[in-house]
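Undergrad: coordinates only, sequence not included:
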Ligand SMILES: Cc1cc2nc3c(=O)[nH]c(=O)nc-3n(C[C@H](O)[C@H](O)[C@H](O)COP(=O)(O)OP(=O)(O)OC[C@H]3O[C@@H](n4cnc5c(N)ncnc54)[C@H](O)[C@@H]3O)c2cc1C
């Protein structure tokens, strides 16, 4: 385990470290810095701020890795029932750029049961090599076996960066793998790049409630792991006939041991249209006023063949389930048309929808921030405008 130490004989009580600590973990006692380990995250900001080398971050023995032994960019390719998920292609597209800049291979990792054919297709999406573990025990995702296998692969082949989708599966898996391999992990990145000289993955994500974009590096840990949300990056194009080297690994049955038993896999019940995949989204916020009014969004969505989205306020008010929430703590969506009804446009909501091709905002406040990102703005009462729009679309589309 890493630890942090204040060398009292060097500390001058200047308070620079106190000001630098983002977590309020440092206070002064007798003009000496004291670190509250309950709050300290070992981020090292105080070490960098101290002009007297009075604070030292000590690496644990387990973390003293030879970082130069790590190479290649890996993408964990998520599959469901044998079908590679589109998030994997988005990560392969981004991974290709990173690998090219670093001058290393782009490797895909595919775990599943009966997925050998899918593995061969990953070359066409830019992978140079595919690590394939094809075993019936891996047919459906389970935390323990997937973690055990990915940890084994990471320890044997040592990637310098490992990308994974910020999906339910990806988030559950990669945090476990990061802990077990002593890796650095940045969740929910919206931008990735590399510092070629230092061989660092530059991981950009919203921080402090979405008010700033932070670029995070993990200089002392390998692999550098990042999760990226669906639809943030562009899919790797298909290059027909491009082949990847397939490295097939076979592990003994005990590797797949699980503390949980999978009983069944059921389709999601509440979503008729997958929000992340929808071309048209009609979304509502607190301005809809009530659950009954909010339900009217469904009618317009139905007429347009789209899905219903929501701001967090609408979800918190229990007008619609969380699976419909768009934004920083919800889904990222990039539809062709996003109709925002009674949504103010706080940054945490915008993060999830501002890349939509066309944004129509309906709000009675002409100064609402949503109008800054809107392609078309309608100022007025949503409860008058929405029924009128629905009526008109029904008429025009003959539905
Ligand atoms: C860490 C963190 C994460 C967050 N994550 C998310 C997230 O993922 N997604 C998200 O959406 N939010 C998120 N939030 C919350 C976010 O900050 C806002 O509070 C939220 O988006 C506001 O929702 P809203 O626009 O529906 O409500 P409000 O901000 O209350 O806006 C309501 C709008 O409706 C308009 N209005 C009212 N009545 C009418 C009417 N009759 N006709 C037309 N317009 C009307 C008002 O003018 C106003 O602009 C997060 C916040 C934090 C701190």
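TA: That came through, no problem. Predicted model only: the values in this text are computed from it and were never measured.

Undergrad: quick one: the residue nearest to residue 45 when sequence neighbours are not counted from the ligand, how far?
TA: Spatial nearest neighbour of residue 45, chain neighbours left out: residue 20 (4.6 Å); criterion: C-beta to C-beta, 6 or more residues apart in numbering. (Each C-beta comes from the backbone N, C-alpha and C, glycine too.) Relative to the ligand, residue 20 is positioned 23 Å away (C-beta to the nearest ligand atom, to the nearest Å).

Undergrad: is residue 20 in contact with residue 44, as I believe?
TA: No - using C-beta atoms under 8 Å, residue 20 makes no contact with residue 44, being 9.7 Å away.

Undergrad: show me where the stretch 101-250 of the chain has its helices.
TA: Taking DSSP state H, counting those that start in this stretch as the test, the helices found in the stretch 101-250 of the chain are 116-121, 143-157, 168-181.

Undergrad: for those, which one sits closest to the ligand?
TA: helix 168-181 (15.1 Å; C-beta to the nearest ligand atom).

Undergrad: which residues does the closest one contact?
TA: Contacts to helix 168-181, defined as C-beta atoms under 8 Å, 6 or more residues apart in numbering, come from residues 76, 78, 87, 141, 143, 146-147, 150-151, 154-155, 162, 164, 183-185, 187, 223, 225, 227.

Undergrad: which ones are touching the closest residue to residue 227 other than its chain neighbours?
TA: Spatial nearest neighbour of residue 227, excluding adjacent residues (C-beta to C-beta, 6+ apart): residue 166 at 3.9 Å. For residue 166, the contact set (C-beta under 8 Å, 6+ apart) comprises 187-189, 227-230.

Undergrad: mind checking how far residue 166 is from residue 226?
TA: 9 Å (C-beta to C-beta, to the nearest Å).

Undergrad: how about residue 25?
TA: Residue 25 is 25 Å from residue 226, by C-beta to C-beta.

Undergrad: between the two, point out the one with more neighbours.
TA: Applying other C-beta atoms under 10 Å to residue 25 and residue 226 shows that residue 226 carries more neighbours, namely 28 against 21.

Undergrad: where does residue 27 land on pLDDT?
TA: The model reports residue 27 with a pLDDT of 96.

Undergrad: isn't it right next to residue 18, touching?
TA: Yes - contact criterion C-beta under 8 Å: residue 27 and residue 18 qualify, at 6.8 Å.

Undergrad: next, show the common contact partners of those two.
TA: residue 33.

Undergrad: of the two, who's got more company?
TA: The neighbour comparison of residue 27 against residue 18 (other C-beta under 10 Å) goes to residue 18, with 17 against 12.

Undergrad: within the helices and strands, which one has that one?
TA: Per DSSP states H and E: residue 18 is located in helix 16-20.

Undergrad: now swap in residue 43 and tell me
TA: Applying DSSP H and E, one finds residue 43 in no helix or strand.

Undergrad: isn't it right up against residue 22?
TA: Yes - counting by C-beta under 8 Å, residue 43 does reach residue 22; the two are 6.9 Å apart.

Undergrad: so the two - more neighbours on which side?
TA: More crowded of residue 43 and residue 22, by other C-beta under 10 Å: residue 43, with 16 against 12.
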